Structure formats: C-alpha cells, structure tokens
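K.L.:
this is a predicted model, with the sequence first.
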Amino acid sequence: MVFVIVVAVLALLAGLAANRFLRPRLITVDDDEGMAVKDLVGPLLTLTVLLLAFVLVTASGSYGKAEIASRAEARALDQLVETAEYGPETHRARIQAGAVCYARAVRHQEWLTMADGYGSAAPSVWSTDFRQTFRAMEGEAVFGMLVAIDNNRSNEREERLTQATASIPSTIFWFLLATLTITVVALGVCLPRRNNRGQLVTLTVITALLTTTLVIIRDVDRPFGGVINVSPTAIIEAERQATRDFVVNHPATELPCDAHGDRTA
C-alpha cells in the first residue's frame, strides 16, 4: 500500500514538473491554453460509474451466496429428518424434535441477529444435540448418512453466517461516497450559470442514479437486513415439514423447545 501511494505521489510530482518544464518545449501554444475542467470531468464520471458497477457486482454476489446457503441449509435439515426415519425409534424422535427446534431457533433468533451481521448461540444448542444423538447411534447402518448430512447442514450454516457480514469494507463505501460527491460537484462547476435548466435537470438525474446505486450497494451488502433481504422462507418450510413428521410419528411426545427454539426440557 505504501508503495502504491509513493508511486502515485511521484507520478503527480512528475506531471507537475512536466507541465512546468517540458510543456514549453513540446507544445507551442500559449500557456493559458490546455484542458479545461470540463475536459477532466468526463474521465472522473467514468471512473465513478465503473467503481460503483464493480462494487455492486461484488455485493450482489454476496447476496446470492447468502440466499443459496440458506436454501441448502434448509434442504439439509429436511434430509436429516427424512433419514432419521431409518434409525431406531428413540433416536429418531430426538433427531426429528431437534430439527424442529433448530429451525425455530434459526428463524426466530438467528435471523434477527444476522441483520446486524452476527449469529446466535440458540441453533448451536440443537446442533450439539444432533451430535450427541449420533454418538449413541454409532454402528447403526444409518450413522454415516446422518453424520454426512449434518456436516453439510453445518457447512451451509457457516456460509450463511459468513455472508451475513458486510463484504464491502466501510473504507471502500466511504471512498465511493467521496468519489460520488467530488464528481457531482465537478459537474456542477462545469454547468453554465444562465439558460441551464436542461443541464440542471440532467445533473439532478445523474446524481439520483449514482446515489441510488450506492444505496442499493449498501442495502444488498447486508443480505439479512435492509429493504432487499433474504427471507427465511426455506427454513420456515423446513420447520413446517419437520413438525408435521414429528407429530405424525410421535403424537404423544412433546417438543423439547418453545416456539422460539429455546430448550424447555
């Protein structure tokens, strides 16, 4: 980073020196002639648009990964419930009940904390319960399948939590905001002072578009918070199916958690 800054400063100094000493020898026009401010605004606007486009693609990619991970986690949880059907009766009930409670904890507790970029310890209670049940099933034919599915669920949850944090550092966001401000001000300087209604309207539209792009970047970069967010639809459906299977297979057994996934028994 220091090297880049040093090179940039040296390039600026070299440019200023060339303007002062080489220009008179290479260019025969008057010293008052040259590029106007408006000639420099075009490249600045292009740079701003390219930066915003690049960062928007990055933020959208993070949003897409978060949505994919959420669906894959719910799918793995559903597979865990179905695979538990091949296990012993006592362990089957515990796994299916744990799946319901895990889904409730993710939906009602962890989904809220992810809006701020954090996870919750509530689902981990039930993932630990899964592993304890698996240890008691070691040697069963279904043991390996359950462990593999649960590992997949764990990996997808980790990916979901990773994508919950902002992928665009605050430094880059503030840099983009500063670039946008400088660009708009530079455009304003280049506008005529009279008979400028059309130019003012255009400047307003450009400012609105650039600002909207930056706002979208900020919002999409938080996949589980803001206006554009990943909804818990998949985990809600997984909870519904797991609850249905548990009630059908164990009608006389109560779930070991409340409606929010906290342990009650």
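P.N.:
Sure thing, it's come through. Numbers count the residues shown, from 1 in each chain.

K.L.:
spit out the contact partners of residue 101.
P.N.:
With contacts defined as C-beta atoms under 8 Å, 6 or more residues apart in numbering, residue 101 is in contact with 125, 126, 255, 256, 257, 261, 263. Yep, even glycine has a C-beta here, placed from its N, CA and C like the rest.

K.L.:
repeat that with 7 Å
P.N.:
Contacts here follow C-beta atoms under 7 Å, 6 or more residues apart in numbering; on that basis residue 101 touches 126, 255, 256, 257, 261.

K.L.:
residue 206 too?
P.N.:
Applying C-beta under 7 Å, 6+ apart as the definition, the contact partners of residue 206 turn out to be residue 187.

K.L.:
are we agreed that it is in a helix?
P.N.:
Yes: checked against DSSP: H, G, I helix; E, B strand; the rest coil, residue 206 lies within a helix.

K.L.:
now, the contacts of residue 101 that are in helices?
P.N.:
Of the positions in the contacts of residue 101, residue 126 sit in helices, assigned by DSSP state H.

K.L.:
show me the two of the contacts of residue 101 that sit farthest apart.
P.N.:
The most widely separated members of the contacts of residue 101 are 126 and 255, with 11.1 Å between them, by C-beta to C-beta.

K.L.:
quick one: which of these two has more around it?
P.N.:
It is residue 126, of residue 126 and residue 255, that has more neighbours when counted by other C-beta atoms under 10 Å, with 23 against 19.

K.L.:
returning to what we had before: can you redo the contacts of residue 101 as JSON lines with pLDDT and distance to residue 155?
P.N.:
Supplementary listing: the contacts of residue 101 in JSON lines, determined by pLDDT from 0 to 100; distance: C-beta to C-beta, whole Å:
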{"residue": "126", "pLDDT": "93", "distance to residue 155": "16"}
{"residue": "255", "pLDDT": "90", "distance to residue 155": "26"}
{"residue": "256", "pLDDT": "91", "distance to residue 155": "25"}
{"residue": "257", "pLDDT": "90", "distance to residue 155": "24"}
{"residue": "261", "pLDDT": "91", "distance to residue 155": "21"}
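
K.L.:
for the nearest residue to residue 73 once chain neighbours are set aside, grab the count of nearby residues.
P.N.:
Excluding its sequence neighbours, the residue lying closest to residue 73 (C-beta to C-beta, 6 or more residues apart in numbering) is residue 156, at 3.8 Å. Applying other C-beta under 10 Å, we find 20 other residues in the vicinity of residue 156.

K.L.:
can you check residue 218 too?
P.N.:
Here the count is done by other C-beta under 10 Å, and residue 218 has 17 residues near it.

K.L.:
name the helix or strand for it, please.
P.N.:
Here residue 218 is covered by helix 197-220, with elements defined by DSSP states H and E.

K.L.:
so how far is that helix off the chain centroid?
P.N.:
Helix 197-220 has its average C-alpha position 23 Å from the chain's average C-alpha position, going by C-alpha atoms, centre = their mean, to the nearest Å.

K.L.:
downstream of that helix, the next helix or strand is which one?
P.N.:
Counting by DSSP H and E, the element after helix 197-220 in chain order, helix or strand, is helix 233-249.

K.L.:
pLDDT on that following helix, on average?
P.N.:
Average pLDDT, helix 233-249: 91.

K.L.:
and it, what does it pack against?
P.N.:
When contacts are defined as 3 or more C-beta pairs under 7 Å, 6 or more residues apart in numbering; DSSP states H and E, helix 233-249 sits against helix 37-83, helix 89-105.
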